[in-house]
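>>> Need coordinates for the following:
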Amino acid sequence: MDDDVRLGADRATGRDERVPQPRHPDRPERHPERPEHPEHHLGRPAENLEPSADNLGRPGYLGDSDRPVRLGDTDSHRDPAHGAIPAQPAPSRSRSRVNALWTVGDQVVSSGTNAAINFIIARRVDSSEFGAFAIAYTIFAMVVGLSRAAGTAPLGISYADVPASTFRSAVRAAAGTALALGVVVGVGLLVVGAALRGTVGLNLVAMGVIMPALLVQDAWRYASFAQGRPLLAVGNDLVWAAALAIGVGLLAVGSGGGGTAAAMVLVWGAAAALAALVGVAQHHAWPDPKRAWAWFTGHRETTGFMTAEFISLQGAQQTSTLIIGAVGSTSLVGALRGLQTLLAPTTNLAVALMSFAIPEFARRKHMPPGQVIRGAYLVSGLVVVSSSLWGLAFMLLPADFGAALLGDTWGQTHDLLLLAVIAQVGPGLAVGPAAVLYAFGKTRLTFWINLFFVPFLLACPITGLLVGGAKGVIVGNIIVFWATIPPWLYYLHRHVRTGPRA
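Below you'll find the model as predicted:
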C-alpha cells in the first residue's frame with residue numbers, strides 16, 4: 001500500500017513542490033519554556049513523535065532544524081529556537097464564539113442570496129421557465145458541494161494553523177482547483193445547453209458561463225472560515241448580495257418586465273464574479289488553476305475520500321427521491337419538498353457550524369481529549385436544539401399562515417412535520433463528531449461510515465413508502481438517521497482518546 005495513503009489525511013500527501021506542506025498534525029510546537037505533556041497529543045504514543053523510517057518519508061515531517069521546508073511559493077526555515085515553523089495561534093474562547101456567530105451570519109447571507117435568485121425568478125417567469133432554471137440550479141448545487149470536497153476541504157483540515165505565507169500558497173491552489181472545476185463543468189454545460197436549445201438549453205448555457213465565478217467565490221468563503229476570519233466571508237457575501245440587487249434592478253428597468261430566467265442567472269453570476277474579485281483582494285492571492293491537479297492528488301486522502309463520500313451520499317438521496325416520486329403521488333412529492341423548504345434553515349445552520357468547527361478543532365488538537373469531546377457535543381447540541389425549536393415552531397403556526405407559505409401542500413406537510421423534526425435529530429447529533437474526525441484527518445473513516453449507510457438511505461424510505469405511505473417515508477428516514485449516531489459517537493471517543501493507536 002502507498003505509504004502516503006496509509007499514513008493519514010491531515011497533511012499534503014504528495015511531494016510536488018506546488019503543494020504547500022502543512023505542519024505535521026501530530027507535532028505541535030515545542031516551546032523551551034513549556035515541556036511536552038502526553039495529553040497535548042491526545043493520547044498519541046511517544047514513538048510517533050520521534051524520527052523513524054515512516055516519519056522521515058512523510059512530507060509533513062520537518063527533520064533537521066536547518067532543512068528548508070517547501071511552502072509552494074516560498075521556502076522558509078524552521079525556527080531553531082522552537083523547532084518548528086511558527087504557527088498561527090489558536091483564537092481565545094471568546095474569539096471563537098465571535099467567529100462562530102459570524103460564520104452563522106455568513107451562512108444566512110449566502111443562503112439568502114441563493115434563495116433570493118430562486119424567489120425572484122419564480123415570481124417573474126412562468127412555471128415551465130422556472131422548471132428549466134430549477135434544473136440548472138440543481139446542477140450548481142451539486143457541483144458546489146463537489147468543489148468543496150475536492151478543492152477547499154484541505155484548507156480547514158490541514159492548513160488551519162499554518163503561517164500566513166503557507167496559507168496564501170495553499171489558498172491559491174484550492175481556489176485554482178475550484179476555478180478549474182468550474183471551467184470544466186461550465187464548458188460541459190455550454191455544449192449540452194447548445195445541443196438542447198429551448199428554455200432548458202438557454203438556462204444551462206447561462207449557468208455554464210457563470211459556473212467558474214460561482215465556485216471561486218465559494219472557495220474564498222471557505223478559505224476565510226479555514227483561516228479563522230469569517231468576517232471576510234460576510235463582507236464578500238454582502239458584496240454579492242448588493243451587486244445582485246443592483247443588477248436585478250437594472251435588468252428590470254432595461255427589460256421592462258424583469259427579463260428571462262437566463263438573463264437573471266447571468267446577473268446572479270456577474271454579481272458572484274465581482275465578489276470573487278473582492279476575494280482576491282481580501283486574501284491577496286489569485287487562483288492558480290495550473291496547480292489544481294497537484295493540489296487534488298497531493299491531498300488525495302482528504303479530497304479523494306470526501307469527493308467519493310459526497311457523490312455516494314448525494315447519489316443515494318437523489319435516487320431515493322426519484323423512486324419515491326415515481327412510486328408515490330405528486331402530492332407526496334410536494335409535501336416532502338415542503339418539508340425541505342421549511343427545514344432548510346436548520347440545514348444551513350448545520351453547514352455553518354461544520355464550517356466553523358472543522359478548522360477550530362484542527363487548531364486545537366493539543367487539547368485534552370475530554371475538552372475535544374465536550375466541544376463536539378456542544379456543536380451537536382446547538383444544531384439539535386435550534387433545529388428542533390425551528391421545526392416545532394411551524395407546528396404552532398395558524399393554518400392560514402402555513403397555507404400562505406406552501407399553498408395546498410401545507411396540509412400534508414404539517415401532518416409530517418413532527419416526524420421530520422425527529423428525523424433531523426440524527427444528522428444533527430452527528431455534526432460534532434463528524435467535525436472532529438474531519439479535523440483530525442480521518443476522512444477515510446468518515447467515508448466508510450457514510451458508505452455503510454448508503455444502501456439504507458435508499459432502502460428505508462422506499463420500504464417505508466410501500467408499508468406506511470407518506471408517514472412511512474419519514475419513519476424510514478428516522479430509522480436510518482438515528483442508526484448512524486452510535487458509530488459516530490464510538491469513533492469520536494476512540495480516535496480522540498487513542499489517536500494513531502486506533
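
>>> going forward, measure contacts between C-alpha atoms and count neighbours the same way
OK.

>>> how far away is residue 169 from residue 152?
According to CA to CA, to the nearest Å, residue 169 and residue 152 sit 13 Å apart.

>>> Also residue 131?
Counting by CA to CA, the gap from residue 131 to residue 152 is 31 Å.

>>> Show me which of these two is the more surrounded one.
When residue 131 and residue 152 are compared for neighbours, residue 152 comes out ahead with 30 against 16, by other CA atoms under 10 Å.

>>> Verify the contact between the more buried one and residue 223 for me.
Yes - with contact defined as CA atoms under 8 Å, residue 152 counts as touching residue 223 (7.0 Å).

>>> For the helix or strand containing residue 361, buried residues please.
Applying DSSP states H and E as the criterion places residue 361 in helix 330-362. Across helix 330-362, burial judged by 16 or more other CA atoms under 10 Å covers 332-339, 342-343, 345-346, 348-362.

>>> So which elements touch that helix?
helix 93-124, helix 153-158, helix 198-226, helix 300-327, helix 369-395, helix 410-439 (3 or more CA pairs under 8 Å, 6 or more residues apart in numbering; DSSP states H and E).

>>> Report the angle between that helix and helix 300-327.
Here helix 330-362 points in a direction 170 degrees away from that of helix 300-327 (axes from the mean of the first three to the mean of the last three CA atoms, to 10 degrees).

>>> can you give me the mean pLDDT across helix 330-362?
Across helix 330-362, the average pLDDT comes to 82.

>>> between it and helix 198-226, how big is the angle?
Using the same axes, to 10 degrees: helix 330-362 against helix 198-226 is 30 degrees.

>>> and helix 330-362, how far out from the chain's middle?
12 Å (CA atoms, centre = their mean, to the nearest Å).

>>> Packing partners of the helix or strand containing residue 297?
When elements are assigned from DSSP H and E, residue 297 belongs to helix 292-298. On a contact count with 3+ CA pairs under 8 Å, 6+ apart, helix 292-298 meets helix 164-196, helix 300-327.

>>> So for residue 110, which of those helices sits nearest?
Ranking those by proximity to residue 110 (CA to CA) places helix 164-196 first, at 17.6 Å.

>>> out of the helices and strands packed on helix 330-362, which comes closest to residue 456?
Of all the helices and strands packed on helix 330-362, helix 300-327 comes closest under CA to CA, at 8.9 Å.

>>> Could you name the helices and strands sitting against that closest one?
helix 127-147, helix 153-158, helix 292-298, helix 330-362, helix 443-483.

>>> change it to 10 Å
helix 3-7, helix 127-147, helix 153-158, helix 292-298, helix 330-362, helix 443-483 (3 or more CA pairs under 10 Å, 6 or more residues apart in numbering; DSSP states H and E).

>>> would a markdown table of those with distance to residue 211 be doable?
Listed next are the helices and strands packed on helix 300-327 as a markdown table, based on distance: least, CA to CA, whole Å:
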| stretch | distance to residue 211 |
| --- | --- |
| helix 3-7 | 32 |
| helix 127-147 | 7 |
| helix 153-158 | 19 |
| helix 292-298 | 16 |
| helix 330-362 | 21 |
| helix 443-483 | 27 |
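
>>> Point out the one among the ones you listed that comes closest to residue 177.
Here helix 292-298 is closest among the helices and strands packed on helix 300-327 (CA to CA), at 4.2 Å.

>>> chain center to that closest one: distance?
Its chain's C-alpha centre and that of helix 292-298 lie 19 Å apart, by CA atoms, centre = their mean.

>>> average pLDDT for it?
So the average pLDDT for helix 292-298 ends up being 92.

>>> ok, now stretch 151-169?
Stretch 151-169 shows a mean pLDDT of 88.

>>> so how far is the first residue of it from its last?
Stretch 151-169 has its terminal residues 14 Å apart, counting by CA to CA.
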